[in-house]
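Asks: With the input below, show me the fold.
(chains A and B)
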Amino acid sequence: MKKSAEEKMKTLLAKYTYPPVEVAIPILEKAGRGEEELASQIHEIDLSILSGLIKIFGLKEKNMKTVAKIFGVLLSYYGQKYEPLVLSENRFCLSVSDCPMLHVGKNVDMATRSKYCDLLCSSTAKALAKLVLGDASSCSWDKALIKGGRKCIVAFELVKSK
Amino acid sequence: MNRSTKLLFVLLLGASLVAFFLAWRNVIEPMDFADLKTVLTTTTATFGSLLGIITAGLMFTHGKFSELASELDEKSPHYISGMLSLEKVQIIANNLLALRKDFSLLETQSTVEEEKDLYRRIVEKSSSIYVDFAVLSDLKLMQQGLAETDLMISGMDPQLYASYKKERDRVKKEWQILVTIKQMVDTWEGSTTLVTKKNERRASLQQDLRSSISLLGLKEKLDKNSKQVRAEAEGILNELTEDLGKIGRELRLERIPQLLSQMEQANTIRGKYFYFALFFIATPLFVNLLVLPQLSVATASFFQPVISITSSLSVLGIAFLLLYISKILNV
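Replies: Predicted coordinates for the structure are as follows:
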C-alpha cells in the first residue's frame, strides 16, 4: 500500500531523532568535551530530515517559500507555535514561542545556553543554505526566549550580489 | 471556557448571591412560627422536586454509560483473540524485559541526573507495558477457556508483581480489557485523543527510546561502550514499533480511545449525580424527621439559621443542576 505524505513524514522524523539537548548538554559539559560532536550529529540529522521533507512534499523551488513551508511542517510536528512575520522573495521572518534551551536544567548558565542556541540554529541554517537557499543567504536569531522574552525572531535573508 | 458555560457560571454566581442574601436577611429578622413552618415545608417540597430531576439525570448518564459499555464489550473479544497471539506476547515481553535490564544498568552507571531520569523513565514505562501484557495474556487464556500459564509472571520481580496484581484486580468487566490495551498503547506512542491537553502530554516510551538511542550515538563518539546497547535498543525499537503500532492502529480505526474517553466523562458525571442525589435525599429526611417534629415556638428561633441555610441550598441546587445538565449534553 502506498504511504501518504503524512505517514512518510512521520517515518522520516521518527528515523532521525535529535538527541535531547536537555540531557546532552549536561553530559557534554561534564565530559569536558566540546560541542563539536553534538554539532556534527545535529547537522547530519538536519540534512537528512530537510532533504527527506523536500522529497516527500516535492519542494523543487529553491526560494524563501520553500523555507517557509519546511519551517511550517517541522515546527508543527514538534508541537511549536510559530507566527510568520515576513515572507518576500529575499526575506523570511518568523517568531517562535518555544526553544530547546528553555527545557535545560536551571543549573545551565546563560553563556552555555547561548552557545548551544547558536549551535542548533546555525546547524539548521547551514543545512537550509546547502539544500535550498545557497551560499548567498544568511540567517539570524535574536535569542529573546533565553533572555526571558516571550518570542524569538528568526530571519532568513538572501544577500544581494553587488 | 465556552459561552454557555460562562453563562451558567454567571447564573450560578447570581443565584448564590441571592440565596445568601435571603438567608442572611432571614437570620437577622426573626420570623414568626407559622412562617417558619411554611418555609420548612416549601423547602422540603423543593428538595423533593430537585431529587426527581437529579434521578432523571442519573438514569440518563447511567444509560449513556451502559450503552458505551456494551458497545465496547462487543469489541473486546476480537482484540484478545485476534490481535494477541501467545507467541507475539512472548516476543514483546522478552523485548520489554531486555529494555528494562539494559536501561536499569545504564541508569546505575550514569552520573548525570538528566540522563538518569531519561533511563529511569524508560525502565518505568517498559515495566508498565510488561504488566499490561501480563494482564492481557492472563485474560486471553481465561476468555478462551485455556489453562493459565503464568508465563509472564515468572519473569517478574516483587515490585513488578505487585503492579501486575493491582492492574489485574482492576479489570473486572469485559470492556475494561480495552482500557488496559489503550493504556499500553498510550504508554508506547502517547495519547491521541483530542481531549488531552498539550501540557498534560507525557513523552511516550517510543519517544524516550528514540531520544536515548540518539544520545547513545552521541556518547559513542565520547566512549565506545555505548555501541552494543544502542544496537540492541535499536533492534527492539523497530520490533516494538511494528507490533505495538499495529495494535494502536486497530484501536484508532475502531474509535476505541474516543469511546473510552466518553465513558470516562459519563462516569464522572454519573458519580457526581449520585452524591448529589444522596444529599437531596438526606436533607429533606433530616428536616422532616428531626427538625419538623421538634419545631415549637421555643425551638423555632434555634432552628431558624438551619432553615435559612436549607432554603438557600435549594436555590443553589437548581443552579448546580443546570451546570450538570449542560455537561452531560456535551458528553
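Asks: Which residues of chain A lie near chain B?
Replies: Chain A has residues A:14, A:17-20, A:22-24, A:26-27, A:30-31, A:33, A:37-38, A:41, A:45, A:79, A:105 near chain B, with proximity defined as Cβ under 8 Å from any Cβ of the partner chain. (Each C-beta comes from the backbone N, C-alpha and C, glycine too.)
Asks: Tell me which residues are up against the helix or strand containing B:Phe103.
Replies: For B:Phe103, the enclosing helix or strand under DSSP states H and E is helix B:86-109. If you take Cβ atoms under 8 Å, 6 or more residues apart in numbering or on different chains as the criterion, helix B:86-109 is touched by B:116, B:119-120, B:122-123, B:126-127, B:129-130, B:133-134, B:136-137, B:140, B:149, B:151-152, B:155, B:209, B:212, B:229, B:232-233, B:236, B:239-240, B:243-244.
Asks: 7 Å instead, please
Replies: Under the criterion Cβ atoms under 7 Å, 6 or more residues apart in numbering or on different chains, residues B:116, B:119-120, B:122-123, B:126-127, B:129-130, B:133, B:137, B:152, B:155, B:229, B:232-233, B:236, B:239-240, B:243 lie in contact with helix B:86-109.
Asks: same question, stretch B:240-254
Replies: Taking Cβ under 7 Å, 6+ apart as the criterion, the residues outside stretch B:240-254 that touch it are B:75, B:83, B:88, B:92, B:95, B:181-182, B:185, B:188-189, B:192, B:206, B:257.
Asks: Spell out which residues of the stretch 1-150 of chain B are next to chain A.
Replies: By Cβ under 7 Å from any Cβ of the partner chain, the part of the stretch 1-150 of chain B that sits against chain A consists of B:Val112, B:Glu114, B:Glu115, B:Leu118.
Asks: Sort out which one of the residues you listed lies nearest A:Val159 for me.
Replies: Within the residues of the stretch 1-150 of chain B next to chain A, distances to A:Val159 taken as Cβ to Cβ reach their minimum at B:Glu114, with 39.1 Å.
Asks: And the buried ones among the contacts of helix B:86-109, selectable in PyMOL?
Replies: In PyMOL syntax, the buried subset of these is picked out as below (16 or more other Cβ atoms under 10 Å in any protein chain shown):
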select buried, chain B and resi 116+119+120+122+123+126+127+129+130+133+137+152+155+229+233+236+240+243
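Asks: quick revisit: separate out the buried members of the residues of chain A next to chain B.
Replies: Applying 16+ other Cβ under 10 Å to the residues of chain A next to chain B, the neighbour count classes A:17-20, A:22-24, A:26-27, A:37-38, A:41, A:45 as buried.
Asks: in the helix or strand B:Gly271 falls within, what counts as buried?
Replies: Per DSSP H and E, B:Gly271 falls inside helix B:256-286. Of the residues in helix B:256-286, B:256-257, B:259-267, B:269-270, B:272-273, B:276-277, B:280, B:283-284 count as buried by neighbour count, 16+ other Cβ under 10 Å.
Asks: I'd like the average pLDDT over that helix.
Replies: Averaging pLDDT along helix B:256-286 yields 79.
Asks: what does stretch B:59-74 give?
Replies: Stretch B:59-74 carries an average pLDDT of 82.
Asks: Which positions in that stretch come out as buried?
Replies: Within stretch B:59-74, the residues that count as buried by 16+ other Cβ under 10 Å are B:Phe60, B:Thr61, B:His62, B:Lys64, B:Phe65, B:Leu68, B:Ala69, B:Leu72.
Asks: quick revisit: next one: the helix holding B:Phe103 to chain centre, how far?
Replies: Taking Cα atoms, centre = their mean, to the nearest Å, one finds the center of helix B:86-109 at 28 Å from the center of the full chain.
Asks: do stretch A:81-99 as well
Replies: For stretch A:81-99, the distance from its own C-alpha centre to the chain's C-alpha centre is 12 Å (Cα atoms, centre = their mean).
Asks: Also stretch A:71-87?
Replies: 10 Å.
Asks: export that stretch as CSV, just CAs?
Replies: Provided in CSV are the C-alpha atoms of stretch A:71-87 (Å, rounded to 0.1, in the frame of the first residue of the first chain):
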residue,chain,number,x,y,z
PHE,A,71,9.5,25.5,8.9
GLY,A,72,5.8,25.2,9.0
VAL,A,73,5.9,21.5,8.7
LEU,A,74,8.8,20.9,11.1
LEU,A,75,7.6,23.3,13.9
SER,A,76,4.1,22.0,13.8
TYR,A,77,5.4,18.4,14.0
TYR,A,78,7.4,19.3,17.1
GLY,A,79,4.3,21.0,18.6
GLN,A,80,5.8,24.5,18.5
LYS,A,81,3.6,27.6,17.9
TYR,A,82,5.1,29.9,15.3
GLU,A,83,4.0,33.0,13.5
PRO,A,84,5.1,34.0,10.1
LEU,A,85,6.1,37.7,10.1
VAL,A,86,7.5,38.5,6.7
LEU,A,87,7.7,36.4,3.5
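Asks: Let me see the mean pLDDT of that stretch.
Replies: In this model, stretch A:71-87 has an average pLDDT of 84.
Asks: ok so, going back, buried subset of the contacts of stretch B:240-254?
Replies: B:Lys75, B:Met83, B:Ile92, B:Asn95, B:Ile181, B:Lys182, B:Val185, B:Trp188, B:Glu189, B:Gln206, B:Pro257.
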